[in-house]
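Peer 1: need a structure here:
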Amino acid sequence: MTGLVRRFGKTGFAALSSLLWALPMAAWAGSADLSPVDKTAYPWIALAVGVAMLAVWLVLLSRLGRISAPPGPHRFEIGQMSAAERRWTLALLAFGTGLIAWLNAAATVDWTPLAADVGSGKAGPIVFATALGVFLAAMLGGIWLSWRRSSAAFRSRLAATPPA
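Peer 2: Numbering: from 1, shown residues only. Below is the predicted model of the structure:
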């Protein structure tokens, strides 16, 4: 934990570690929607995992105050970021959220009717399936581009920071 705080800063560590509970909670939300319909999803398992990981995250955050981050630039410290770095990091978070939403939908939807309609050549389902593929490609491409730009902005900030 200390190594991660030294690399990302306290704010960055808190934000990145929030994925511990956010991802299971997203899975719970998707399975809770599906469960009443087909009785195959078990939303309480995902909810229990999410709540347990939320407790782990809160313990991590309570211990975060005792760890000292060394002075100097940190990757995800919002107060230290340049405007370009903040903008590209926000874009990275937006595209990452879109990808998580796509994966959540893909995991909780019964694709049998769509596959059957695409197989029978119906135009509407083909357009919908194509749009889903384009959305996935856009999220992956956006993650790749925004990560590269955010990293370049961070390297630029590092280069402009005088050595300690």
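Peer 1: count of residues packed around Ala52?
Peer 2: Counted with other Cβ atoms under 10 Å, the neighbours of Ala52 add up to 13. For every residue, glycine as well, the C-beta is placed using N, CA and C.
Peer 1: Distance check, it against Ser62.
Peer 2: Distance of Ala52 to Ser62, computed by Cβ to Cβ, to the nearest Å: 16 Å.
Peer 1: Quick one: name whatever helix or strand follows the helix or strand of the chain with the lowest mean pLDDT.
Peer 2: Here the helix or strand of the chain ranked lowest by mean pLDDT, DSSP states H and E is helix 19-38, holding a mean of 63. Heading C-terminal from helix 19-38, the first helix or strand you meet, by DSSP states H and E, is helix 43-64.
Peer 1: Quick check: buried residues in the following helix or strand past that following helix?
Peer 2: Per DSSP H and E, the first helix or strand lying C-terminal to helix 43-64 is helix 83-108. Using 16 or more other Cβ atoms under 10 Å as the test for burial, helix 83-108 gives 85, 88-89, 91-92, 95-96, 98-100, 102-104, 108.
Peer 1: Would you pull up how far helix 83-108 lies from the middle of the chain?
Peer 2: Counting by Cα atoms, centre = their mean, to the nearest Å, helix 83-108 is centred 6 Å from the centre of its parent chain.
Peer 1: Check stretch 95-115 too.
Peer 2: Mean C-alpha position of stretch 95-115 versus that of the full chain (Cα atoms, centre = their mean) differs by 14 Å.
Peer 1: tell me the domain ranges of this protein?
Peer 2: Annotated domains of the chain cover 1-77, 81-164 [automatic domain parsing].
Peer 1: Lowest average pLDDT across those?
Peer 2: Sorting these by mean pLDDT places domain 1-77 lowest, at a mean of 69.
Peer 1: now the buried residues of helix 83-108 in TSV, with distance to Ala152?
Peer 2: Shown next, in TSV, are the buried residues of helix 83-108 (distance: Cβ to Cβ, whole Å):
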residue	distance to Ala152
Glu85	9
Trp88	8
Thr89	12
Ala91	13
Leu92	12
Phe95	16
Gly96	18
Gly98	22
Leu99	21
Ile100	24
Trp102	26
Leu103	27
Asn104	30
Thr108	36
